[in-house]
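Undergrad: Pasting a predicted model and its sequence here:
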Amino acid sequence: MAEPVRVMLEQGKKKRLVACAFDWPGWDRSARIGADALAVLATYRPRYARVAELAGYGAEFTATGDFEVIEQLDGIGMTDYYGVSGRAATPETEPMTDAECERKIALLRASWILFDTVAARVSAELRKGPRGGGRERDEIIWHVNGAEIGEFAPKVGVKVPRETIGGAEALRAYRMEFVEEIREHHRSGEPARSWALQFLIRRCTWHMLDHAWELEDRDLTLTD
């Protein structure tokens, strides 16, 4: 039988429910409370398969089975407002093996590759939202990389100037340092400050993929 995909459900107080396939970092999707968040998560299985393939785990991902909800947690304010997971699943608070750490790092790196590739090919001006809003491509690039550099990487002690975003070589060096510090924290058993290390990886990967998919969906070079 196919191995089930373990899922944690994180529910906000009023608006949104997030389904997190936490063993596959970045495969988190949200829905309005009362809607089927698992069905929304399932629609992104083909898109996440590209990430797994880039990371070298395409066959493993293809072999996964149905969802298995293992716990439901109360969310935080951002759960309701942004539809983003703010809590670690219980298994994410447990120690990883070295192999599992490398697997999750590979998926994080795959999210960087996908984001960079998509950002390089989509239109500079993006399709507007239903109310005429939304960031343009370059604003999204600065937002996504800036959040990682300014908010997430410092949790494992990596601090570089925000201007790192603007240079390909500097960004590559920063990412190598980030990966090494994740490994070091894994070896020492240290958390990422107040976050579990596995949650840090998932949050970074989700943010990259969420905006990579946004870029794809709003790309004006595609014809309807």
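TA: Good, I have the coordinates.

Undergrad: Enumerate every residue touching residue 13.
TA: 74, 75, 80 (C-beta atoms under 8 Å, 6 or more residues apart in numbering). Placement of C-beta: from N, CA and C, glycine included.

Undergrad: From residue 24, how far off is the first one?
TA: When you say that, I think you mean residue 74. Separation of residue 74 from residue 24 (C-beta to C-beta, to the nearest Å): 23 Å.

Undergrad: So between those two, which is more surrounded?
TA: Using other C-beta atoms under 10 Å, the more surrounded residue of residue 74 and residue 24 is residue 24, with 26 against 11.

Undergrad: Now that one: closest residue in space that isn't a chain neighbour?
TA: In space, residue 24 comes closest to residue 48 once its chain neighbours are excluded; the distance is 6.5 Å by C-beta to C-beta, 6 or more residues apart in numbering.

Undergrad: how deep is the one you found tucked in, by neighbour count?
TA: Residue 48, neighbours per other C-beta under 10 Å, totals 24.

Undergrad: Now for it: which residues touch it?
TA: Counting by C-beta under 8 Å, 6+ apart, residue 48 makes contact with 24, 26, 27, 61, 209.

Undergrad: Please apply the same query to residue 178.
TA: For residue 178, the contact set (C-beta under 8 Å, 6+ apart) comprises 148, 153, 156, 158.

Undergrad: After the least confident helix or strand in the chain by mean pLDDT, heading C-terminal, what element do we hit next?
TA: Within the chain, no helix or strand scores below helix 77-82, which has a mean of 87 by mean pLDDT, DSSP states H and E. Counting by DSSP states H and E, the next helix or strand C-terminal to helix 77-82 is helix 98-121.

Undergrad: residues making contact with that next one?
TA: Applying C-beta under 8 Å, 6+ apart, the contact partners of helix 98-121 are 24-26, 50-52, 54-57, 96, 137, 140-141, 144, 175, 179, 182-183, 186, 198, 201-202, 204-205, 208-209, 211-212, 215-216, 219, 221.

Undergrad: would you put the C-alpha positions of it in PDB?
TA: C-alpha atoms of helix 98-121 as PDB (Å, rounded to 0.1, in the frame of the first residue of the first chain):
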ATOM      1  CA  ASP A  98      20.800  13.200   9.200                       C
ATOM      2  CA  ALA A  99      19.100  11.800   6.100                       C
ATOM      3  CA  GLU A 100      15.800  13.500   6.900                       C
ATOM      4  CA  CYS A 101      17.600  16.800   7.400                       C
ATOM      5  CA  GLU A 102      19.300  16.500   4.100                       C
ATOM      6  CA  ARG A 103      16.000  15.600   2.400                       C
ATOM      7  CA  LYS A 104      14.300  18.700   3.700                       C
ATOM      8  CA  ILE A 105      17.300  20.900   2.800                       C
ATOM      9  CA  ALA A 106      17.000  19.400  -0.700                       C
ATOM     10  CA  LEU A 107      13.400  20.400  -0.900                       C
ATOM     11  CA  LEU A 108      14.200  23.900   0.400                       C
ATOM     12  CA  ARG A 109      16.800  24.200  -2.300                       C
ATOM     13  CA  ALA A 110      14.300  23.000  -4.900                       C
ATOM     14  CA  SER A 111      11.900  25.800  -3.900                       C
ATOM     15  CA  TRP A 112      14.700  28.300  -4.500                       C
ATOM     16  CA  ILE A 113      15.400  26.800  -8.000                       C
ATOM     17  CA  LEU A 114      11.700  26.900  -8.800                       C
ATOM     18  CA  PHE A 115      11.100  30.400  -7.600                       C
ATOM     19  CA  ASP A 116      14.200  31.800  -9.400                       C
ATOM     20  CA  THR A 117      13.300  30.000 -12.600                       C
ATOM     21  CA  VAL A 118       9.700  31.200 -12.600                       C
ATOM     22  CA  ALA A 119      10.700  34.800 -11.700                       C
ATOM     23  CA  ALA A 120      13.100  34.900 -14.600                       C
ATOM     24  CA  ARG A 121      10.500  34.000 -17.200                       C
END
